[in-house]
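Q: after the sequence you'll find the predicted model.
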Amino acid sequence: MTLKLQPLNKTYNLSNYQEVVDNFSWQDVEKQFSWFNSGKVNMAHECIDRHVIDGYGDKIALHYLHDEEEVQLTFTQVKEKTDHLATVLRKSGVQKGDIVFIFLPKNPDCYIAMIAAVKIGAVAGPLFEAFMEEAIKDRINDCDGKYLITDRELVKRVPKEQLPTLEKIFVTSEQEHCIDGEISLNELLRNTVCEDNITEWLSLEDPLNIHYTSGSTGKPKGIIHAHRAMIQQYQTGKWVLDIQEDDIYWCTAHPGWVTGTVYAIFAPWLNRATIVLNGGRFDADTWYSTIEKAGVTVWYSAPTAFRMLKAEGDEILQQHDLSSLRHILSVGEPLNPEVIRWGIEKLGQRIHDTWWMTETGAQLIVNLPSEVIKPGSMGRAFPGIEIAILDDEGNRQPYGEIGHLSIKAPWPAIMKEVWKNKEKFDSYFQFGDWYLSGDLAYQDEEGYVFFQGRSDDMINSSGERIGPFEVESKLLEHEAVAEAGVIGKPDALRGEIVKAFIVLKKGFVNSPSLIEDIRKFVRYKLAAHAAPREIEVLEELPKTKISGKLLRRELKVLEQQRLLLNSK
Ligand code: WT7
């Protein structure tokens with residue numbers, strides 16, 4: 001029998017799931033937006049400006065903490081800053097529909113740039129801060145990007161000469177620190193008078209943001225979302241994050257990952273929350289201090305982070321007062337029951353798993369604070385969402401049988417398109433209007449969904465999605481590598497780690513220093529999170545007999561068999 005964790009007896013924005021499911025309509029949600037009456041659509045307006053108009057201008061919108069530095073901005077201040085940057089971007093030639101790439105660390109400039117770009121109807125393209133030149137090049141070149149906002153440090157990783165369409169690089173520093181035609185944003189802001197009414201009014205179908213994401217084949221694909229996504233992002237923020245007026249909300253993701261855009265910026269601000277933003281890398285002491293100093297009440301993070309905190313032990317935990325926390329959520333990778341137990345024992349809280357994907361634009365399967373949690377399950381379908389487990393022919397599977405986790409399209413936040421790749425977009429829809437997630441799962445009789453793995457070779461390490469092809473391509477550029485096959489190897493801390501199998505070119509001899517050199521090559525050219533943690537040299541790689549196509553599956557089986565042997 002599955003263990004059941006009962007909800008606390010508290011007041012939540014949604015108090016009874018079944019009742020809401022039976023009466024739900026997305027049209028009702030639309031009434032919450034100012035455009036419902038005005039007809040004027042813009043995500044940035046609903047996130048920030050409307051709260052100022054509604055009289056909440058003095059409420060703290062953003063609380064930034066990094067080392068000793070702390071910055072607090074009210075909704076009025078965020079409005080002014082985003083209006084000003086929006087004016088600068090507009091005067092610099094950015095037009096409605098243009099993509100503005102944003103390559104910044106987690107800091108207020110990054111959030112302001114996201115909202116400012118959206119305000120003038122541009123498409124925000126956040127890039128993960130660990131990206132190196134190859135990852136940046138692939139993304140900007142794929143969609144002929146013209147504009148980039150970055151800072152003095154990260155600009156060093158931008159391979160300008162390999163970005164032929166890039167017209168303007170805005171750097172958040174002074175002119176004297178700008179080189180090779182980079183444009184100083186500080187200077188532009190000083191010399192530009194902020195315009196009133198800078199907001200571009202749009203339609204719900206207009207593009208909002210682009211996130212590049214990996215699958216098992218080819219280079220990353222650009223997933224475009226539309227402003228209509230706000231309908232679902234608002235409602236999931238209300239019911240799943242359960243944001244209430246006094247909440248202090250912290251989502252730990254960087255905007256380069258879709259969670260860091262949708263649930264660190266849009267969903268909480270649509271719900272008028274005070275957002276906490278932490279700079280720097282993961283560090284248990286800093287993270288606990290962030291909760292304590294900012295008084296975080298609602299916290300959204302990922303299983304690997306929870307596992308890392310758990311591994312740091314009790315002593316560090318006990319040095320902090322975490323009693324402000326009232327609601328904790330998780331996303332991105334399977335949440336082990338063991339971590340849920342840790343949450344209950346050490347934080348006194350249930351951890352609520354949620355499931356969605358870059359392509360889905362918002363949460364689809366959720367554990368609500370008012371409902372029973374079955375540890376090991378990602379939860380149930382959000383109201384208004386229909387899910388099914390399909391077999392290989394597209395037939396519904398009975399309860400308990402594993403199959404393809406599929407969602408009935410459309411829903412408000414579903415991607416608008418895959419950038420210039422209709423074939424890829426269509427590949428998600430092999431069975432009529434069922435969106436195929438690529439995940440394998442089963443469902444129990446009460447509708448709870450249990451994740452079982454991927455049906456393709458996509459790697460999920462620490463909740464970060466990594467395409468094996470991108471890593472293999474980079475490995476092959478190293479002078480010693482003749483062939484490469486990359487898989488996710490099961491790992492107790494990170495869920496999976498990136499493992500590469502390679503065949504060396506003639507004349508190269510396997511040695512620890514060569515392996516380290518190859519690892520670093522990927523780390524510093526592509527991205528730190530995608531660099532293989534393990535590299536193993538083989539004589540040959542498994543391939544199909546007829547076409548000679550790499551069989552990653554066999555590499556994976558090999559690795560799983562070894563793990564089994566080791567655990568015996
Ligand atoms: C893939 C999507 C947008 C959320 C962050 C990741 C895996 C996501 C869970 C979960 C098990 C999960 C799936 C999915 N995934 N949430 N709760 N339990 N696996 O977005 O980078 O687009 O990755 O992450 O495999 O397909 P993403």
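A: The structure has been received and is ready for your questions. Numbers count the residues shown, from 1 in each chain.
Q: would you pull up the residue in the stretch 51-200 of the chain closest to the ligand?
A: As assessed by Cβ to the nearest ligand atom, the ligand sits closest to residue 128 within the stretch 51-200 of the chain, at 10.7 Å. Placement of C-beta: from N, CA and C, glycine included.
Q: any stretches of this protein with poor pLDDT?
A: Scanning the chain with the threshold set as pLDDT under 70 gives 1-2, 568.
Q: circling back: which element is the residue of the stretch 51-200 of the chain closest to the ligand on?
A: Using DSSP states H and E, residue 128 sits within no helix or strand.
Q: name the residue most distant from the centre of the chain?
A: residue 507 (42.2 Å; Cα atoms, centre = their mean).
Q: which residues touch it?
A: Residues counted as contacts of residue 507 (Cβ atoms under 8 Å, 6 or more residues apart in numbering): none.
Q: three-state assignment of it?
A: Going by DSSP: H, G, I helix; E, B strand; the rest coil, the secondary structure assigned to residue 507 is coil.
Q: residues from the stretch 301-450 of the chain in reach of the ligand?
A: Within the stretch 301-450 of the chain, the positions adjacent to the ligand are 331-334, 353-358, 378, 437-439 by Cβ under 6 Å from any ligand atom.
Q: need the contact list for the closest residue to the ligand within the stretch 401-550 of the chain.
A: Closest contact between the stretch 401-550 of the chain and the ligand, by Cβ to the nearest ligand atom, is at residue 465 (3.4 Å). Neighbour list for residue 465: 213, 214, 358, 458, 459 [criterion: Cβ under 8 Å, 6+ apart].
Q: restricted to strands, list those.
A: 213, 459 (DSSP state E).
Q: quick one: the contacts of residue 465 as CSV, columns for neighbour count and distance to residue 261 too.
A: What follows is those, written out as CSV (neighbours: other Cβ atoms under 10 Å; distance: Cβ to Cβ, whole Å):
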residue, neighbour count, distance to residue 261
213, 19, 12
214, 21, 17
358, 19, 10
458, 19, 20
459, 25, 21
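Q: biggest separation within the contacts of residue 465, which pair?
A: Taking Cβ to Cβ, the two most distant members of these are 358 and 459; they sit 14.6 Å apart.
Q: so which residues of the stretch 251-400 of the chain form strands?
A: 274-278, 298-301, 327-330, 351-355, 365-366, 380-381, 387-390 (DSSP state E, counting those that start in this stretch).
Q: my reading is that the residue of the stretch 401-550 of the chain closest to the ligand is in a helix; is that accurate?
A: No. Residue 465 is assigned strand when assessed by three-state DSSP, not a helix.
Q: got the residues of this protein near the ligand?
A: Counting by Cβ under 6 Å from any ligand atom, the chain sits next to the ligand at 213, 258-259, 331-334, 353-358, 378, 437-439, 451, 454, 460, 465.
Q: now tabulate the strands of the stretch 251-400 of the chain in CSV and tack on distance to residue 473.
A: Putting the strands of the stretch 251-400 of the chain into CSV (distance: least, Cβ to Cβ, whole Å) gives the following:
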stretch, distance to residue 473
strand 274-278, 33
strand 298-301, 31
strand 327-330, 32
strand 351-355, 29
strand 365-366, 33
strand 380-381, 37
strand 387-390, 32
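Q: any chance of those strands in CSV, plus mean neighbour count and distance to residue 195?
A: Formatted as CSV, the strands of the stretch 251-400 of the chain follow (neighbours: other Cβ atoms under 10 Å; distance: least, Cβ to Cβ, whole Å):
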stretch, mean neighbour count, distance to residue 195
strand 274-278, 24, 26
strand 298-301, 24, 35
strand 327-330, 23, 38
strand 351-355, 26, 39
strand 365-366, 27, 40
strand 380-381, 22, 44
strand 387-390, 20, 45
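Q: for residue 472, see how far away the residue of the stretch 401-550 of the chain closest to the ligand is.
A: 16 Å (Cβ to Cβ, to the nearest Å).
Q: what does residue 537 give?
A: 15 Å.
Q: of the residues of the chain next to the ligand, which belong to helices?
A: Among these, the residues falling in helices (DSSP state H) are 258, 259.
Q: where do the strands sit along the stretch 101-250 of the chain?
A: Counting by DSSP E, counting those that start in this stretch, the segments of the stretch 101-250 of the chain that form strands are 123-126, 147-150, 168-171, 183-184, 207-213, 221-226, 248-251.
Q: I'd assumed residue 327 was in contact with residue 298.
A: Yes. Taking Cβ atoms under 8 Å as the definition, residue 298 is a contact partner of residue 327 at 4.6 Å.
Q: what number of residues lie near the closest residue to residue 105 other than its chain neighbours?
A: For residue 105, ignoring the flanking residues on the chain, the nearest one in space by Cβ to Cβ, 6 or more residues apart in numbering is residue 129 at 4.9 Å. Residue 129 is flanked by 21 other residues according to other Cβ atoms under 10 Å.
Q: so what's residue 129 up against?
A: Taking Cβ under 8 Å, 6+ apart as the criterion, residue 129 is in contact with 103, 104, 105, 106, 154, 254, 256.
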